[in-house]
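>>> Got a sequence here, can you build the structure:
(one chain, ligands or ions: 1)
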Amino acid sequence: MDYQAVLEDIYTQVIATKDKGTPASYIPELAHIDVNNFGLYLQKNTGEVYGVGQYQTKFSIQSISKVLALALASSMEDNAILERVDVEPSGHPFNQLALIEVENGIPRNPFINSGAIVIADILVSRLQNPKADFLNYVREITGDTTIDYDLKVAASEKATGHRNFAAAYLLKSFGNLKNNVDVVLDFYFHQCALHMSCEQISRAFHLFANRGICKNSVLRLTERKVKRINAIMLTCGFYDEAGEFAFEVGLPGKSGVGGGIVALKPNDFVISVWSPGLNKRGNSKLGMFALEQFTTKTQLSIF
Ligand code: GLU
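Residues are numbered from 1 along each chain as shown. Purely as a prediction, here's the structure:
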């Protein structure tokens, strides 16, 4: 299979598409990104890599970071996480508040904002220097010390993240947030503001395609935990469009409002895409299209 030719064909189609979606505007710092950016990067477990467009340009990975935060928390805690966060798709937007109230402060899953805020709380409790330690974890599993937070994006979200403050206070009222709301959200906003390229994201996610062993050959997560996190990506990784993504693409993955999507096939590959224009559900419009084309052309889905 000539993967480079497949990616180039997808790139040609994307470039020719007029409606490229709309960047997220509720985080002001993300609103100005040019929707003409596009990067696509395939990393096979065997070591071959293929890329087109701006696959080395860094962008705000936003909710993609929730998978890395869950992986680090899972490596330190076992079933205790499941007492505080469920593993069911929410069928609602990522920033919905009503379910927290109805379900007594137990978020539906770790990838909606309320669930990710509980995971952030666990990391704040567990890590000595949460922001620095989490960054180091991402650098280590990627083997790349240039990865950093985009402090402007973190500040921009902190200034406007009213729904996340509301979610955190609601969680606190149910006893499902142990630390101070400001401290947890400061960590969460930085986590979401990780600035990475498609190439770096693919390297970071190698461990989920490689039974927990990351790029530098170190085992960071047991096979059982990798299986579970991949299952949550498949069922909950795309806001209230997880069904559509499984239907069209057929891979576990995670999107972010910065326009990135990462998807993987266990024991085979990781593929990352960046196209900042979003569809109505908050997923990258052309990112979804590109991945659908990839699994259609290569027949490499999990189904
Ligand atoms: N930091 C964003 C928020 O909390 C993440 C949203 C996303 O990428 O889905 O709203």
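
>>> For Thr17, give me its contacts.
Thr17 sits next to 286, 289 when contact means CB atoms under 8 Å, 6 or more residues apart in numbering. In this view, the C-beta of every residue, glycine as well, is placed from N, C-alpha and C.

>>> State the distance from it to the ligand.
Going from Thr17 to the ligand by CB to the nearest ligand atom, to the nearest Å gives 22 Å.

>>> Now do stretch 155-166: everything it contacts.
26-30, 95, 97, 113, 117, 181, 185-186, 188-189, 192-193.

>>> how distant is it from the center of its chain?
Counting by CA atoms, centre = their mean, to the nearest Å, stretch 155-166 is centred 19 Å from the centre of its parent chain.

>>> Equivalent analysis for stretch 19-26, please.
Centroid separation for stretch 19-26 versus its chain: 18 Å, with CA atoms, centre = their mean.

>>> contact partners of that stretch?
30-33, 35-36, 62, 160, 257-259, 275-279, 282, 284-286.

>>> let's go with 6 Å and repeat that
30-31, 33, 35, 257, 276-279, 285-286 (CB atoms under 6 Å, 6 or more residues apart in numbering).

>>> Ok, stretch 167-185 next?
Contacts to stretch 167-185, defined as CB under 6 Å, 6+ apart, come from residues 84, 97, 100, 104-105, 113-114, 117-118, 120-121, 124-125, 164.

>>> Would you mind checking these for buried ones?
The neighbour count (16 or more other CB atoms under 10 Å) marks 84, 97, 100, 105, 113-114, 117-118, 120-121, 124, 164 as buried among the contacts of stretch 167-185.

>>> Please go through those and note which also touch the ligand.
Subset of these in contact with the ligand: 113, 164, counting by CB under 6 Å from any ligand atom.

>>> Tell me which two of the buried ones among the contacts of stretch 167-185 sit farthest apart.
Greatest spatial distance in the buried ones among the contacts of stretch 167-185: Leu97 and Val124, 21.3 Å, computed using CB to CB.

>>> Which residues are in contact with Tyr41?
51, 55, 198-199, 202, 272.

>>> before we move on, back to that, mind putting the buried ones among the contacts of stretch 167-185 into JSON lines with pLDDT?
Shown next, in JSON lines, are those (pLDDT from 0 to 100):
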{"residue": "Arg84", "pLDDT": "97"}
{"residue": "Leu97", "pLDDT": "87"}
{"residue": "Ile100", "pLDDT": "90"}
{"residue": "Gly105", "pLDDT": "95"}
{"residue": "Asn113", "pLDDT": "95"}
{"residue": "Ser114", "pLDDT": "96"}
{"residue": "Ile117", "pLDDT": "98"}
{"residue": "Val118", "pLDDT": "98"}
{"residue": "Ala120", "pLDDT": "98"}
{"residue": "Asp121", "pLDDT": "98"}
{"residue": "Val124", "pLDDT": "98"}
{"residue": "Asn164", "pLDDT": "96"}
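
>>> Can you lay out the buried ones among the contacts of stretch 167-185 as CSV showing secondary structure?
Output for the buried ones among the contacts of stretch 167-185, formatted as CSV (DSSP: H, G, I helix; E, B strand; the rest coil):
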residue, secondary structure
Arg84, helix
Leu97, coil
Ile100, helix
Gly105, coil
Asn113, helix
Ser114, helix
Ile117, helix
Val118, helix
Ala120, helix
Asp121, helix
Val124, helix
Asn164, helix
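
>>> Assign His195 to helix, strand or coil.
strand.

>>> Check which helices and strands the strand or helix carrying Leu72 is in contact with.
Using DSSP states H and E, Leu72 maps to helix 65-76. If you count contacts as 3 or more CB pairs under 6 Å, 6 or more residues apart in numbering; DSSP states H and E, helix 65-76 packs onto helix 113-126, helix 181-192.

>>> measure Leu135 to Asn129 for me?
Computed with CB to CB, to the nearest Å, the distance linking Leu135 and Asn129 is 9 Å.

>>> For the strand or helix carrying Tyr169, buried residues please.
Assigned by DSSP H and E, Tyr169 belongs to helix 162-173. Using 16+ other CB under 10 Å as the test for burial, helix 162-173 gives 163-164, 167-168, 170-172.
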